[in-house]
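Participant: Pasting a predicted model and its sequence here:
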Amino acid sequence: MTLHTTHQLSKASVGLMVGIFCLLVGYNNIVDYNTNFQFVQHVLKMDSMQPWFQGDLLKSRSINSEILIQLCYWLIIAGELIAGIFCTGGALIMLRNMRKSQFELGQSLYLIGGTVALLIWYFGFAVIGAEWFQMWANKWNGQMKAYSFICFIILTMVYVATPSAKPTSNQ
């Protein structure tokens, strides 16, 4: 196996792992709906803030509409599944097209899925959840998990987008 082929196999494998992760998170949130719904509900309602948090002006941002909270949760689940579909689909295209020009199509699809994942875990959880709804001061704080997902996903996006080793003439 050449270095070029190994790079491509590695990138496709990493893409597949992230895709399966996103699909599993979305699937788990459907199958065991209430567990993470409780988390989303408390963050959006801002009803479980730490006793030391005095941000009354910020608490006015809370969402108390059950319909809107359900919609937000379904939007999160849809994003997880969409990210998983694009990442997994991109990885499978990479695997089927190693050493072919279509490999880049798989990389592109993976990057789309990774971007959707970043929209969920970075923009959704780190920006909207942690800063708009002050999740950092909530007893239901998922920042560390979100940041670990974000870091891994963005690193894999950089890795998958990086050009592979050039094929040698004897390939």
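Facilitator: Done, it's in.
Participant: buried set for the helix or strand that contains Ile76?
Facilitator: Using DSSP states H and E, Ile76 maps to helix 66-96. Going by neighbour count (16 or more other C-beta atoms under 10 Å), the buried part of helix 66-96 is 69, 72-73, 76-77, 79-95. Yep, even glycine has a C-beta here, placed from its N, CA and C like the rest.
Participant: Now it: average pLDDT?
Facilitator: Helix 66-96 shows a mean pLDDT of 98.
Participant: Quick one: list the elements packing against that helix.
Facilitator: Helix 66-96 is packed against helix 3-31, helix 33-45, helix 103-118, with contacts defined by 3 or more C-beta pairs under 8 Å, 6 or more residues apart in numbering; DSSP states H and E.
Participant: tell me the mean pLDDT for the longest one?
Facilitator: Right, the one you point to is helix 3-31. When pLDDT is averaged along helix 3-31, the result is 96.
Participant: quick one, it and helix 33-45 angle?
Facilitator: Orientation of helix 3-31 against helix 33-45 (axes from the mean of the first three to the mean of the last three C-alpha atoms, to 10 degrees) gives an angle of 90 degrees.
Participant: Pick out the residue nearest the middle of the protein.
Facilitator: Taking C-alpha atoms, centre = their mean, the centroid of the chain lies closest to Ala117, which sits 2.8 Å from it.
Participant: these two touch, right, that residue and Leu23?
Facilitator: No: under the criterion of C-beta atoms under 8 Å, Ala117 is not in contact with Leu23, lying 11.0 Å apart.
Participant: Now do the shared contacts for those two.
Facilitator: Shared contacts of Ala117 and Leu23 (C-beta atoms under 8 Å, 6 or more residues apart in numbering): Glu80.
Participant: Pull up the gap between the closest residue to the residue nearest to the centre of the chain other than its chain neighbours and Tyr122, please.
Facilitator: Counting by C-beta to C-beta, 6 or more residues apart in numbering, Ala117 lies nearest to Ala83, which is 4.0 Å off, once chain neighbours are set aside. From Ala83 over to Tyr122 the distance is 12 Å, taken as C-beta to C-beta, to the nearest Å.
Participant: again, but for Ile82
Facilitator: With distances taken as C-beta to C-beta, Ile82 is found 15 Å from Tyr122.
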